[in-house]
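Student: prediction below, plus the sequence it came from.
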Amino acid sequence: MRAINAQIIWCILLGSQYVLCTLTPDSKNKNKRDSKFLRGPQDNDVFTLNLVSPEPLAKDILIHHEGYYKDTALRRFNGTVLGYVTPWNSHGYDIAKIFAKKFDIISPVWLQIVKRGDEYAIAGDHDIDAGWINDVRRKGKVQQQQQLRTVKFFPRIIFDHFTDRDIKLLLSDAKERTELNEMLIRVCKQHGFDGLVLEVWSQLAGRIDDKILYTLVLQMAKELQKQKIRLILVIPPQRKDMPNLFGEKHMDKLYKYIYAFSLMTYDYSTVQRPGANAPLYWVRSAVEHIVPDGCQDMEVKRAKILLGLNMYGNDYTPDGGGPITYGPYLDLLRHVKKHLTHDERDMENFFEIRTETGRHIVFYPTLYSINERIQLAQQLGVGISIWELGQGLNYFYDLF
């Protein structure tokens, strides 16, 4: 076990002598391994198979990642679980159906608020898939304490191609906000949505006065609530360079009116500052920054926080690199002969390799790293929001 920081990563990547592994395995060996892969429903879960290890073997990931425990109705985490689905990742649609009983809310990333002349309108509605929504709802039905629970749908919405004038008019004119909210209500009723996930705070916080931003969000939440439509607000985590975009004072002002808060606790590291995607200590501090231990209504407030959990990773190279999802990750993982390294400070796993394309240091979720964050969420009394379904490995959902 060892910890790693940005300087060490770049020394490794740029060093001339460091080589961890050989080049791409030959196709015969690859095909031989592929024949051992386990796919679909299995009799044993990842805990029974002892796969939740701080230093997992690469071969175990390759063999088991496409399998999952056959009882997909089994839930281990008792908080709220939201899963984001995007139209550019079709596997996420399948994941939502297979594991529907593990989710409380699905948030398809479909919709944008746009201006068409002086009118507010919705773009992206061509992506709305009513048949899939019905399938997920049907598969997600669970009998709980003499009540039937099913999955709720809260599409994410953003403001798209708004000019400074459009923003200024919306923020300064109550009539404009009423027209916007009426349009959103019509869309929700037309498609049977249970609520909306609003991503606006990161866009505007720090640019405008908090009081104006409160007015926009609160008026929307209250008008939607009158129609039994709920609002989830996406919020940024605390960062050293932007510490006060959303904190305790904001939560105190909003929590009674907002259904939940989707906290974006990922993307801590970048190609300019390589490392873990979401260090565990930072994830904890992000929650405590918003709702400190022992504060008034702590349990109520924390139950509304949905801790962001990334299902993607990062591949760092001498040229920079970038985000990586399951396909490219597995291709690189085939070069690893033994265990993945455990970063004991950040509580994530990574591996270092050299291929025909150059050197790579890859941080990507594992059963162990995800389980640590689920346990933290349980300990803090918060829920979970997954970005995004379909980017990770199938057997990850045994953990939820």
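Tutor: Received, thanks.
Student: so what pLDDT did the closest residue to residue 77 other than its chain neighbours get?
Tutor: The shortest distance from residue 77 to any non-neighbouring residue, by C-beta to C-beta, 6 or more residues apart in numbering, is to residue 400 (5.1 Å). C-beta here means a position set from N, CA and C on the backbone, and glycine is covered the same way. Predicted confidence (pLDDT) for residue 400: 98.
Student: mind listing what residue 400 touches?
Tutor: By C-beta atoms under 8 Å, 6 or more residues apart in numbering, residue 400 lies in contact with 75, 76, 77, 81, 99, 102, 374, 384.
Student: let's see it at 10 Å
Tutor: By C-beta atoms under 10 Å, 6 or more residues apart in numbering, residue 400 lies in contact with 74-77, 79, 81, 83, 99, 102-103, 309, 370-371, 374, 384, 386.
Student: tell me the two of these that are most distant?
Tutor: 74 and 309 (18.7 Å; C-beta to C-beta).
Student: where does pLDDT dip in the stretch 1-150 of the chain?
Tutor: The model of the stretch 1-150 of the chain has pLDDT under 70 over residues 1-35.
Student: so which bits of stretch 152-169 are buried?
Tutor: For stretch 152-169, burial by neighbour count (16 or more other C-beta atoms under 10 Å) applies to 152, 153, 154, 155, 156, 157, 158, 159, 162, 166, 167, 169.
Student: pLDDT below threshold where in the stretch 301-400 of the chain?
Tutor: In the stretch 301-400 of the chain (pLDDT under 70), no residue qualifies.
Student: residue 293 contacts residue 380, correct?
Tutor: Yes - in this structure, residue 293 is within contact of residue 380 by C-beta atoms under 10 Å, at 9.3 Å.
Student: got any residues that touch both of these two?
Tutor: 287, 302.
Student: more crowded one of these two?
Tutor: residue 380 (20 against 9; other C-beta atoms under 10 Å).
Student: which ones are touching the more buried one?
Tutor: Residues near residue 380 by C-beta under 10 Å, 6+ apart: 79, 283, 284, 287, 288, 291, 293, 298, 302, 303, 305, 307.
Student: now with 6 Å, please.
Tutor: Residue 380 makes contact with 287, 302, according to C-beta atoms under 6 Å, 6 or more residues apart in numbering.
Student: for the stretch 51-200 of the chain, what spans make up the helices?
Tutor: Under the criterion DSSP state H, counting those that start in this stretch, helices of the stretch 51-200 of the chain are mapped to 58-64, 90-98, 130-139, 164-172, 174-191.
Student: of these, which is nearest residue 354?
Tutor: Short answer: helix 58-64, nearest of these by C-beta to C-beta, at 15.0 Å.
Student: residues in contact with that closest one?
Tutor: 36, 38, 51, 333, 336, 395.
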